[in-house]
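> Kindly return the folded structure for what I paste below:
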Amino acid sequence: GNGPMVSAAERRADFDFRLEVFGKFPRTVHHGSKTLAEGSWNKMSLALSESRATYWIDDVWMATMNINEEHSLPSVTPFIGLYAFTTAFSARKFRVTHEPSRLALVVP
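Numbers count the residues shown, from 1 in each chain. This is a model prediction of the structure:
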């Protein structure tokens with residue numbers, strides 16, 4: 001629970017990265033604004049390296065955070081999970097890829 005968390009919602013577009021399960025809010029560069037489409041599938045993408053993380057919702061580039069001494073990863077081995085705060089959801093087609101165009105944004 002201490003690594004970077006990305007957030008999305010149907011009625012809010014002001015979420016970004018969190019650390020320590022809402023305990024810290026790292027400095028984030030915001031790129032876009034997008035809410036989840038209610039009642040339909042939404043695509044969420046994340047690019048993660050040891051120095052930076054960035055994410056997209058339905059191919060809208062949302063936010064980027066730097067990973068450094070102040071906001072570090074708890075491990076170099078990523079653990080990926082899904083969590084719903086108050087709304088039930090389903091996940092499908094989970095995959096890990098190496099898309100060069102997206103990785104170029106997080107690998108120095």
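> switch to C-alpha atoms for all contacts and neighbour counts from now on
Fine.
> can you give me the strands in this structure?
28-30, 44-48, 52-57, 60-66 (DSSP state E).
> Report the contact partners of Ala9.
The neighbourhood of Ala9, defined by CA atoms under 8 Å, 6 or more residues apart in numbering, consists of 15, 35-36.
> Among the residues you listed, name the ones in helices.
Nothing among the contacts of Ala9 maps onto helices, per DSSP state H.
> from the residues you listed, which single one is nearest Ala63?
Phe15 (9.2 Å; CA to CA).
> one step back: is it possible to get a markdown table of the contacts of Ala9 that adds neighbour count and pLDDT?
A markdown table is the format used below for these (neighbours: other CA atoms under 10 Å; pLDDT from 0 to 100):
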| residue | neighbour count | pLDDT |
| --- | --- | --- |
| Phe15 | 16 | 71 |
| Thr35 | 16 | 87 |
| Leu36 | 18 | 86 |
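> Going by distance to Lys93, which of the residues you listed wins?
Nearest to Lys93 among the contacts of Ala9, counting by CA to CA, is Leu36 at 17.2 Å.
> can I assume that closest one is in contact with Asp14?
No: the pair formed by Leu36 and Asp14 falls short of the contact definition of CA atoms under 8 Å, at 11.8 Å.
> Chain neighbours aside, what residue packs nearest to the most centrally placed residue in the chain?
Within the chain, the residue whose C-alpha comes closest to the C-alpha centroid is Val6; the distance, by CA atoms, centre = their mean, is 3.2 Å. Residue nearest to Val6 in three dimensions, not counting chain neighbours: Phe17, with 4.9 Å by CA to CA, 6 or more residues apart in numbering.
> Look up the pLDDT of that neighbour for me, please.
What the model reports for Phe17 is a pLDDT of 79.
> now it: how far from Pro26?
When distances are taken as CA to CA, to the nearest Å, Phe17 and Pro26 turn out to be 7 Å apart.
> overlap in contacts of these two?
With contacts taken as CA under 8 Å, 6+ apart, Phe17 and Pro26 have Met65 as neighbours in common.
> How about the contacts made by Met65?
Under the criterion of CA under 8 Å, 6+ apart, the contact partners of Met65 comprise 17, 26-29, 52-54.
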